[in-house]
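[1] Structure, please.
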Amino acid sequence: MCLSTDDGSSKPFAELPANLKNRRMSRAMGELFTPADDAHLSSLGKSEIDALHESWAEFSIRMTAYTRRCYSGDSDEVERLRDEIGKLQEKEKMHLSEVSELKKKLHWTESELDRAKRCIKNDEGELQRAKVDLAKAKEDSTILTSQRDSVNRALKM
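    Take a look at the predicted model:
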């Protein structure tokens, strides 16, 4: 949850200018640490307070370093993902052009198949007519053969 800034907005802490960050931090500390906490800290010895400050400073340094690593890692990751997206978009364009070429080839192949089917149908019609003509020729040949045989028998007599 973001604490609201003095201008009434609820921007994340990282997006605030330095002066608003300081105000927000002071307000948060004022809400977190009450006068009773101040009294307790006053009752501690100087060495314990110094150890507490040292511990707080060390923790603050570690968290700052961690945050920087996270943010720099995020930007590296974002850049890597952008590069990957760019590469994938290039592949998509290449594949789309391949698909377009394959569709053209498919259309040409389908038209060739249709043409071949029409030729086969025409050839089947011609084959049927040729079979009919052959059957007629066989019939005529049979008639002529029988006539020839009758003429040859008549001549032999």
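[2] and Ala116, what does it touch?
    Residues near Ala116 by C-beta atoms under 8 Å, 6 or more residues apart in numbering: none. C-beta: built from backbone N, CA, C; applies to glycine.
[3] before we move on, which element is it in?
    Using DSSP states H and E, the element containing Ala116 is helix 46-156.
[4] from the chain's centre, how far out does that helix sit?
    18 Å (C-alpha atoms, centre = their mean, to the nearest Å).
[5] low-confidence ranges in this structure?
    For the chain, the stretches flagged by pLDDT under 70 are 1-9, 71-74.
[6] how does it look with 50?
    Counting by pLDDT under 50, the ranges of the chain that qualify are 1-3.
[7] State the distance from Lys21 to His53.
    Taking C-beta to C-beta, to the nearest Å as the measure, Lys21 falls 21 Å from His53.
[8] Between the two, which is the more surrounded one?
    More crowded of Lys21 and His53, by other C-beta atoms under 10 Å: Lys21, with 14 against 10.
[9] what about the closest residue to that one other than its chain neighbours, distance to Thr109?
    In space, Lys21 comes closest to Phe13 once its chain neighbours are excluded; the distance is 6.4 Å by C-beta to C-beta, 6 or more residues apart in numbering. With distances taken as C-beta to C-beta, Phe13 is found 64 Å from Thr109.
[10] Compare the two and say which is more crowded by neighbours.
    Counted by other C-beta under 10 Å, Phe13 and Thr109 do not tie: Phe13 has more neighbours, with 13 against 10.
[11] who are the neighbours in contact with the residue nearest in space to the middle of the chain?
    Nearest to the mean C-alpha position of the chain, counting by C-alpha atoms, centre = their mean, stands Leu88 at 7.3 Å. By C-beta under 8 Å, 6+ apart, the contact set of Leu88 is empty.
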